[in-house]
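Asker: Give me coordinates for this.
(one chain, ligands or ions: 1)
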Amino acid sequence: MVDRLVHATRELGIALHLKTAVEKIEKNSAQFTVHAFVDGAPRTFQADLVVHGAGRVPEIDDLDLEAAGVKREKHGVTVNEFLQSVSNPTVYAAGDAAAKGPPLTPVAGMEGEIVAANLLKGNHRTPELAAVASIAYTLPSVASVGLLEAAAKEKGLKFRVNHQDTSEWYSTRRLGAKYSAFKVLVEDRTEQILGAHLIGPHAEEQINLFTLAIRSGIRSSDIEATLFAYPTGASDLSYMV
Ligand SMILES: Cc1cc2nc3c(=O)[nH]c(=O)nc-3n(C[C@H](O)[C@H](O)[C@H](O)COP(=O)(O)OP(=O)(O)OC[C@H]3O[C@@H](n4cnc5c(N)ncnc54)[C@H](O)[C@@H]3O)c2cc1C
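Answerer: Sure, this is the predicted structure:
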């Protein structure tokens, strides 16, 4: 999926440098100079603007958490399964501030509700983080939910991998799109969807249906048998499972 995105991005005219580690950024009178190592060799780039988009960190550095004995790590307050601080039980953390779950808006909303419930009625709710979809809103979008193939193998699961380039499918061609593909993992015994990884013009909506299938235990044969409205991105799902 990522290889296709790299091709698509370069075709848009964006110079994409992989395996490039930024060492430092200097501001000159009118421009920035980015010092980097490309495949280990030093190289500089001139730019009008430099944007750091490599992930995010919680804004909790100025809370003086140490004073209250609140243990933290790089990605937030260290919490137990009830989102309660492991070192100070009077403190709970949700969303980006908690070192549990990916830093995403729907996760923050869910964790906020859980923290409120646990504060009011004692620890009784835990977040369900097994299948949280994530999307990179690139052109085209890439989307992912559930297990990657390597992770499913590591768990010793028995499953089939449906992997196909769909750039010739009607749903892609009618939009004049060039890149689309999917990789869907289906467990042999249970027909459960273990993971879905997509690129293409419908990926950001299709991934929600796979998320529903994983979280609700909808079988691949149920998806296959569903008469989705046609032509839609959803109607492709029957052929992906
Ligand atoms: C550029 C960018 C793009 C993103 N894109 C997506 C996306 O496409 N999809 C997605 O799901 N997520 C996305 N996210 C992540 C998403 O925005 C966060 O995961 C989500 O907002 C976390 O919610 P939160 O309530 O935990 O924290 P926030 O939304 O950060 O809310 C924390 C609030 O607390 C306030 N605050 C901080 N310190 C104090 C203090 N000491 N006292 C009082 N108030 C304080 C802050 O001002 C802020 O309003 C993106 C984030 C960024 C930065």
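Asker: could you measure the most centrally placed residue in the chain against V51, distance?
Answerer: Geometric centre of the chain, nearest residue: S134, 2.9 Å, by Cα atoms, centre = their mean. Distance from S134 to V51, counting by Cβ to Cβ, to the nearest Å: 20 Å. (Glycine included, C-beta is placed from N, CA and C.)
Asker: quick revisit: what sits closest to the residue nearest to the centre of the chain if chain neighbours are left out?
Answerer: Nearest non-adjacent residue to S134, counting by Cβ to Cβ, 6 or more residues apart in numbering: S144, 5.7 Å away.
Asker: quick one: contacts for that neighbour?
Answerer: S144 sits next to M1, A133, S134, I135, G195, A196, H197, L198, I207 when contact means Cβ atoms under 8 Å, 6 or more residues apart in numbering.
Asker: and the residue lying farthest from the centre of the chain, helix, strand or coil?
Answerer: Taking Cα atoms, centre = their mean as the measure, the residue most remote from the mean C-alpha position of the chain is S29, 38.1 Å away. With DSSP: H, G, I helix; E, B strand; the rest coil as the basis, S29 sits in coil.
Asker: Just the buried residues of stretch 55-63, please?
Answerer: Using 16 or more other Cβ atoms under 10 Å as the test for burial, stretch 55-63 gives P58, I60.
Asker: what helix or strand is P231 on?
Answerer: P231 is located outside every helix and strand, with elements delineated by DSSP states H and E.
Asker: E26: what's it in contact with?
Answerer: By Cβ under 8 Å, 6+ apart, E26 lies in contact with F32, T33, H35.
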